[in-house]
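In: Predicted model and sequence below, questions to follow.
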Amino acid sequence: MAEMDKLKAIRDHEIAHREFFKSVLGADRLKDLTPNFSAVNFGSKTSVLNIARTFEDLGVAAYNGAGRFLTQDANLTLAGKIVSVEARHAAMIRDMIVQNSFASRMPMSGMGIDVPPAVLTTPGKDGFDMAMTPDEVPALAAPFITETITNNIR
């Protein structure tokens, strides 16, 4: 799959995720936000992919931290599936940044997985993705959003 096709697939997933959370959160959701892409050099593949990686990592951490606020089992199950997809997006983008860094360095072998030590500390500690609270996420997202983000979840 060509890189642009991968990025379009990620975009389509993000739209589906947004629509799911709009339907689940209803009036408690954040208002629609306007992205600020002024920090992205769209003429540079590296710039685009590094910003995409930042968004995906922030998304995974945000979903991990907000899962406890979903009270219906069905919604929690779907959110768990979404965070899994987001983590795969992050891995795919990392693979595009450093070609074959993910897939070729993490082969399944027997019952174990051969994981290089650097992967175990990136992005979370001990190989686990980070979780951020709804109070932590807005500050990290702020450079990429034109509006001020107000956390409605308490």
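Out: Everything's here; your move. Please read these numbers as outputs of a predicted model, since none were measured by experiment.

In: Grab the nearest non-local neighbour of residue 78.
Out: Excluding its sequence neighbours, the residue lying closest to residue 78 (Cβ to Cβ, 6 or more residues apart in numbering) is residue 20, at 6.4 Å. From N, CA and C alone the C-beta is placed, and that goes for glycine too.

In: Assign that neighbour to helix, strand or coil.
Out: Three-state assignment for residue 20 (DSSP: H, G, I helix; E, B strand; the rest coil): helix.

In: So it sits against residue 82, correct?
Out: Yes - using Cβ atoms under 8 Å, residue 20 is in contact with residue 82, at 7.0 Å.

In: Below-threshold pLDDT in the protein: ranges please.
Out: 1, 100-128, 151-154 (pLDDT under 70).

In: what ranges do the strands span in it?
Out: For the chain, the strands defined by DSSP state E occupy 108-109, 112-113.

In: So residue 35 is in contact with residue 143, correct?
Out: No - judged on Cβ under 8 Å, residue 35 makes no contact with residue 143 at a distance of 10.6 Å.

In: Mutual contacts of the two, please.
Out: Common neighbours of residue 35 and residue 143, counting by Cβ atoms under 8 Å, 6 or more residues apart in numbering, are absent.

In: ok, back up a step: for residue 20 and residue 82, work out which one has more neighbours and name it.
Out: residue 82 (20 against 15; other Cβ atoms under 10 Å).

In: The more buried one and residue 45, how far apart?
Out: Using Cβ to Cβ, to the nearest Å, we find residue 82 at a distance of 27 Å from residue 45.

In: likewise residue 91?
Out: 18 Å.

In: Between those two, tell me which one has more neighbours.
Out: More neighbours surround residue 91 than the other of residue 91 and residue 45, with 17 against 12 (other Cβ under 10 Å).

In: Which parts of the protein are helices?
Out: 3-25, 45-66, 73-97, 117-120, 137-141 (DSSP state H).

In: Which residues belonging to the longest one are considered buried?
Out: Of all the residues in helix 73-97, those buried under the rule 16 or more other Cβ atoms under 10 Å are 75, 78-79, 82-83, 85-87, 89-96.

In: And the residue nearest the centre of this structure?
Out: residue 56 (2.5 Å; Cα atoms, centre = their mean).

In: What's the end-to-end length of stretch 33-42?
Out: 20 Å (Cα to Cα, to the nearest Å).
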